[in-house]
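Enquirer: got a sequence here, can you model it:
(chains A and B)
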Amino acid sequence: TQLLEQSPQFLSIQEGENLTVYCNSSSVFSSLQWYRQEPGEGPVLLVTVVTGGEVKKLKRLTFQFGDARKDSSLHITAAQPGDTGLYLCAATSGTYKYIFGTGTRLKVLA
Amino acid sequence: DTAVSQTPKYLVTQMGNDKSIKCEQNLGHDTMYWYKQDSKKFLKIMFSYNNKELIINETVPNRFSPKSPDKAHLNLHINSLELGDSAVYFCASSRTSGYQETQYFGPGTRLLVL
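Expert: You can find the predicted model right below:
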């Protein structure tokens, strides 16, 4: 059983479409992070959310932390081929330990 | 300049061999990590060191032994390699071990055990 479940697992869309990726858990977390990983590289941090209900925007990306701090969503507006990659959510549990989600592989077609 | 570097990038070896992966960070961070990413892209923490001291040691076989000679380096030695050890191993670092700290990941070491 994974502590952090992401959905969908795979997503293939056309350029210009909108999409939402979800990260869900039954546990409460101190903070939650979203990363993007491109082939052959390590994950790169996009955002950290720490307050229940918090919404952060990064250009066309909107991140939301659930009110109960158990879940999060990532919404991309007008997706572009450069958004293609593996999106990972991660949360802290216990002392200094990061738990990563199951991942969402996004492909944006030109 | 590379922030977190790992060597080698690719490692192909036979079952039963012993191998080491090296990691260096030039960010002046106090905390370093080793993660394993399996074929399904699931990323799992293995170890974490803060100021050269081990602070996280997940359920990892004792064939894996991390060593931190100084704050800028965290190496991973693996004894008696098994087929199931094939994965991508990522090193990461952060300024402190706090939960809001940004982790910077290295490019990964792709290990294939034959």
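
Enquirer: distance check, the single nearest residue of chain B relative to chain A against residue B:95.
Expert: The minimum distance from chain B to chain A, using Cβ to the nearest Cβ, falls at residue B:105 (3.0 Å). Where you see a C-beta, it was placed from the backbone N, CA and C, and this is true even at glycine. Distance of residue B:105 to residue B:95, given as Cβ to Cβ, to the nearest Å: 14 Å.

Enquirer: which one's more surrounded, the two?
Expert: Counted by other Cβ atoms under 10 Å in any protein chain shown, residue B:105 and residue B:95 do not tie: residue B:105 has more neighbours, with 22 against 14.

Enquirer: now for the residue nearest to that one when sequence neighbours are not counted, how many residues are close by?
Expert: Among residues not flanking residue B:105 along the chain, residue A:42 sits closest, at 3.0 Å (Cβ to Cβ, 6 or more residues apart in numbering or on different chains). For residue A:42, the count of nearby residues is 22 (other Cβ under 10 Å).

Enquirer: dump the residue contacts of residue A:42.
Expert: Residues near residue A:42 by Cβ atoms under 8 Å, 6 or more residues apart in numbering or on different chains: B:4, B:90, B:92, B:105, B:106, B:107, B:108.

Enquirer: check residue B:85 too.
Expert: Applying Cβ under 8 Å, 6+ apart, we find residue B:85 in contact with B:78, B:111, B:113.

Enquirer: switch the cut-off to 10 Å
Expert: B:13, B:15, B:19, B:36, B:61, B:63, B:64, B:78, B:111, B:112, B:113 (Cβ atoms under 10 Å, 6 or more residues apart in numbering or on different chains).

Enquirer: phi, psi of it?
Expert: When read as degrees, to the nearest 10, the backbone of residue B:85 gives phi -80, psi -10.

Enquirer: identify each buried residue in stretch A:83-101, please.
Expert: The neighbour-count check on stretch A:83-101 (16 or more other Cβ atoms under 10 Å in any protein chain shown) flags A:83-93, A:96-101 as buried.

Enquirer: of those residues, which belong to strands?
Expert: Counting by DSSP state E, those place A:85-93, A:97-100 in strands.

Enquirer: which strands and helices lie in contact with the lowest-mean-pLDDT helix or strand in chain B?
Expert: One helix or strand of chain B scores below all others by mean pLDDT, DSSP states H and E: strand B:53-57, with a mean of 82. In terms of contacts (3 or more Cβ pairs under 10 Å, 6 or more residues apart in numbering or on different chains; DSSP states H and E), strand B:53-57 is packed against strand A:97-100, strand B:31-37, strand B:43-50, strand B:64-70.

Enquirer: what stretches of chain B score poorly on pLDDT?
Expert: In the predicted model of chain B, residues B:1-2, B:97-99 satisfy pLDDT under 70.

Enquirer: contact residues of chain B facing chain A?
Expert: B:4, B:6, B:9, B:31, B:33, B:35, B:37, B:40-45, B:48, B:50, B:55-56, B:58, B:88, B:90-92, B:94, B:96-108, B:110 (Cβ under 10 Å from any Cβ of the partner chain).
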